[in-house]
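Engineer: Got a sequence here, can you build the structure:
(one chain, ligands or ions: 1)
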Amino acid sequence: MTNVLLVHSSLFGDKSESLAVARAYVSGLPDARVTERALSPSTVPHLEASTFAAMRTPAAELDAAQKSQLALSDTLVAEVEAADTIVLAVPMYNFSIPSTLKAWIDHVARAGRTFRYTEKGPEGLLTGRKVVIFASRGGVYSSESPAAAFDFQEPYLRAVLGFLGLGDVTVVPVEGLAMGPDAAASARAKAMAEAGRLAAAAAERKVA
Ligand SMILES: Cc1cc2nc3c(=O)[nH]c(=O)nc-3n(C[C@H](O)[C@H](O)[C@H](O)COP(=O)(O)O)c2cc1C
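Structural biologist: All right, here's what the predicted structure looks like:
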């Protein structure tokens, strides 16, 4: 059994392109138990100062109000900790990630829980998990594109996930979706093929 956490962050919910490819990937994984976390401002609101203060309070000193303020963060962290594979469906918004996904990261990045500071510098505590990101974009940002320098989606995610110990990251671009119907169809087909290939490779590792 593989525990999969699927986190999706598009404004368009079930009509999301990144989610469609992510779901195709997840459905091809063998023996997967899937938890889905749909992000929106109502399900995962921005962090508040009082919640951040509770995050920095030692567990033994938390009062009842602080414990309840931490409940959402505790749930989101537990979902990540329970996962063997974390799948992120992430549209590019204004060259970066949706603010809902940033809010999720702010709830999951917890000193002493998902990372810690040591004498040798910061250490991520979420090691041993795979991350697969389906990164959708209206334009094209892959390395040979002149727009590559505007991509703050993939580099940011690699940096912050790495900081948390999640260094095993595969990114599948679904890009060129706003560049006409032919480009969009070809982007979808290419990403779906890659999703199928990655799921088949995961299945092979499982039987090997
Ligand atoms: C608010 C907003 C901002 C966007 N900004 C960008 C952008 O900076 N670059 C880009 O290539 N596409 C941009 N797009 C297009 C989306 O990236 C594209 O529609 C999305 O990847 C489709 O994936 P989804 O269906 O999963 O949301 C933007 C779309 C929205 C709604």
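Engineer: right, and Ala200 touches Pro30 too?
Structural biologist: No. Counting by C-beta atoms under 8 Å, Ala200 stays clear of Pro30, with 9.6 Å between them. Every C-beta, even on glycine, is put in place using the N, C-alpha and C of the backbone.
Engineer: so how many other residues sit close to Asp182?
Structural biologist: 9 (other C-beta atoms under 10 Å).
Engineer: Repeat that for Ala201.
Structural biologist: Going by other C-beta under 10 Å, the residues that sit close to Ala201 add up to 12.
Engineer: Confirm it sits in a strand?
Structural biologist: No. Assessed with DSSP: H, G, I helix; E, B strand; the rest coil, Ala201 is helix; it does not lie in a strand.
Engineer: and the spatially most central residue of the chain, what helix or strand is that in?
Structural biologist: The geometric centre of the chain, computed from its C-alpha atoms, lies nearest to Leu88 (C-alpha atoms, centre = their mean), at 3.5 Å. Element membership of Leu88 [criterion: DSSP states H and E] is strand 85-91.
Engineer: average pLDDT across that strand?
Structural biologist: Mean per-residue pLDDT for strand 85-91: 98.
Engineer: What pairs with that strand, parallel or antiparallel?
Structural biologist: Applying DSSP bridges, strand 85-91 is found paired with strand 2-8 (parallel), strand 130-137 (parallel).
Engineer: which residues are contacting the last one?
Structural biologist: Pointing back at strand 130-137 there. With contact meaning C-beta atoms under 8 Å, 6 or more residues apart in numbering, strand 130-137 is reached by 10, 16-19, 21-22, 25, 84-92, 153-154, 157, 161, 166, 168-177, 191, 195, 198.
Engineer: Now narrow those to whatever sits close to the ligand.
Structural biologist: Restricting the contacts of strand 130-137 to those touching the ligand (C-beta under 6 Å from any ligand atom) yields 10, 16-19, 91-92, 177.
Engineer: any idea which of the strands paired with strand 85-91 is most buried?
Structural biologist: strand 130-137 (a mean of 24; mean count of other C-beta atoms under 10 Å).
Engineer: how about the CA coordinates for it, as PDB?
Structural biologist: Extracted in PDB, the C-alpha atoms of strand 130-137 (Å, rounded to 0.1, in the frame of the first residue of the first chain):
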ATOM      1  CA  LYS A 130       8.600  11.400  -3.200                       C
ATOM      2  CA  VAL A 131       7.100  14.500  -4.600                       C
ATOM      3  CA  VAL A 132       5.600  14.700  -8.100                       C
ATOM      4  CA  ILE A 133       4.400  18.200  -9.300                       C
ATOM      5  CA  PHE A 134       2.100  18.800 -12.200                       C
ATOM      6  CA  ALA A 135       3.000  22.400 -13.100                       C
ATOM      7  CA  SER A 136       0.500  23.900 -15.500                       C
ATOM      8  CA  ARG A 137       1.200  27.200 -17.300                       C
END
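Engineer: Find out how far the next helix or strand after that strand is from the centre of the chain, if you would.
Structural biologist: Moving toward the C-terminus from strand 130-137, the next helix or strand (DSSP H and E) is helix 154-163. Distance of helix 154-163 from the chain centroid (C-alpha atoms, centre = their mean, to the nearest Å) equals 10 Å.
Engineer: helices or strands up against helix 154-163?
Structural biologist: Helices and strands touching helix 154-163, by 3 or more C-beta pairs under 8 Å, 6 or more residues apart in numbering; DSSP states H and E, are strand 121-124, strand 130-137, strand 168-175.
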